[in-house]
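A.B. asks: when you get a sec, could you give me coordinates for this:
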Amino acid sequence: MRLKVSQLYHEIDARLTACHERAVPLPGVQNPTRRDTYIRQLIDSIRRVQFVSAVANRDIHADRANGSSSLFDPIRAAILKRRAGHFDDACWLVFLFVHFGRHPRSGYRYTRDVYGALGQRGPWTFEQVSSHPDELRAWLDANEAHLKRGSNRGFGNHRKYLSMSGSKPNGTGDAFVTYAQWVNAHGGHQNLFDLALHFSDGSPEAAFEWLYRSMRSVASFGRIGRFDYLTMIQKLHFANIRPGRPYFDGSTKGPNSGARKLLESGATLSIAELERRTTLVGSALSVGMQEMEDSLCNWGKDPNSYTYFKG
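C.D. replies: From the prediction side, this is the model:
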């Protein structure tokens, strides 16, 4: 274990002890194996969040934004678009990144192929999707079979049950068109984020909450999709927002499962109480809600055995 990681490991370990003794009981990490696994998952989550900020400060090759290039990368493309002053397209690429996700074998192929329109026309930019929604839907339907060619293809883990269809309810066409409608109803991305902060008296947590609720109108974007999109907007510093709670839902899987394993010792806690205690634990550990949500989700899958997740 490298020195910095080792130092962080011991800092988190000490904070877990202090949190358990003075703030929130943590029965789930009193077993040494489970505690070690949780600390390692939390370190991974912290480093994933830090990685995006680090990339945003690096030089980026222009082909990262080229939908016809094998180097295409939606997050690096979003950073390049922001630097070039194309904020709507920058946020659109973040949306595409979340919608398609990163497939373990084919990577960002779906995002690259759709954004680059398979080289058949100009890219499906935010302006193009906003101005030509029917053309977009027809293009997706006409090219669905080719987009899904081969065996190495698919959506990322968080979106693996979605459809590429341009016309079916909750398919990719629905997601794209309703996203553009949501953003344009508020005057574009910059105005949308400014309005969220205005209605929230400048509070980053309240603005995140406002956007999270408002984004319900985007087809197929449930809890995970909205949380992933808004936290990526935060990590890229596209808007001064941040989650003030972990945004659990009633599911028995995902971060809820991890939070129950960490916090419960017999009695079943309500979702509101799980969120309250998780927020207190995050404060005690000096980490944000994204790191808490991500680490609990991964740790909850198997608290007794560490597995590295790429996110």
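A.B. asks: out of everything not next to it in sequence, what's closest to N184?
C.D. replies: What sits nearest to N184 in space, not counting adjacent residues and going by CB to CB, 6 or more residues apart in numbering, is S130, at 5.7 Å. For the C-beta atoms, the positions are set from N, CA and C on the backbone; glycine is no exception.
A.B. asks: over to R40?
C.D. replies: For R40, ignoring the flanking residues on the chain, the nearest one in space by CB to CB, 6+ apart is Y306 at 5.0 Å.
A.B. asks: spit out the contact partners of the one you found.
C.D. replies: Applying CB atoms under 8 Å, 6 or more residues apart in numbering to Y306 gives the contacts 36-37, 40-41.
A.B. asks: pLDDT and neighbour count added to the residues you listed, as JSON lines?
C.D. replies: Formatted as JSON lines, the contacts of Y306 follow (pLDDT from 0 to 100; neighbours: other CB atoms under 10 Å):
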{"residue": "D36", "pLDDT": "97", "neighbour count": "15"}
{"residue": "T37", "pLDDT": "97", "neighbour count": "20"}
{"residue": "R40", "pLDDT": "97", "neighbour count": "20"}
{"residue": "Q41", "pLDDT": "97", "neighbour count": "26"}
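A.B. asks: show only the entries of those found in helices.
C.D. replies: Of the contacts of Y306, the ones assigned to helices by DSSP state H are 36-37, 40-41.
A.B. asks: ok, residues contacting stretch 187-197?
C.D. replies: Applying CB under 8 Å, 6+ apart, the contact partners of stretch 187-197 are 87-88, 90-91, 183, 186, 203-204, 207-208, 210-211, 214, 233, 238-241.
A.B. asks: now with 10 Å?
C.D. replies: Outside stretch 187-197, the residues that touch it by CB atoms under 10 Å, 6 or more residues apart in numbering are 87-92, 94-95, 126, 130, 182-186, 198, 203-204, 206-212, 214-215, 230, 233, 238-241.
A.B. asks: can you confirm R153 is in a strand?
C.D. replies: No: R153 is assigned coil when assessed by DSSP: H, G, I helix; E, B strand; the rest coil, not a strand.
A.B. asks: and it, what pLDDT?
C.D. replies: At R153, the model reports a pLDDT of 80.
A.B. asks: quick check: it vs F221, distance?
C.D. replies: 22 Å (CB to CB, to the nearest Å).
A.B. asks: ok, the two, which is more surrounded?
C.D. replies: F221 (23 against 15; other CB atoms under 10 Å).
A.B. asks: OK, contacts around the more buried one?
C.D. replies: Contact partners of F221, counting by CB under 10 Å, 6+ apart, are 95, 98-99, 159, 170, 175, 178-179, 182, 215, 227-229.
A.B. asks: what do you get for V5?
C.D. replies: V5 neighbours (CB under 10 Å, 6+ apart): 40, 43-44, 46-47.
A.B. asks: check contacts around A185.
C.D. replies: 192, 214, 217.
A.B. asks: what about the first one, neighbour count?
C.D. replies: A count of neighbours around L192, defined by other CB under 10 Å, yields 20.
A.B. asks: report pLDDT for it.
C.D. replies: 98.
A.B. asks: ok so it is a helix residue?
C.D. replies: Yes: counting by three-state DSSP, L192 falls inside a helix.
A.B. asks: so L96 makes contact with G156?
C.D. replies: No: the pair L96 and G156 fails to qualify as a contact (CB atoms under 10 Å) at a distance of 11.4 Å.
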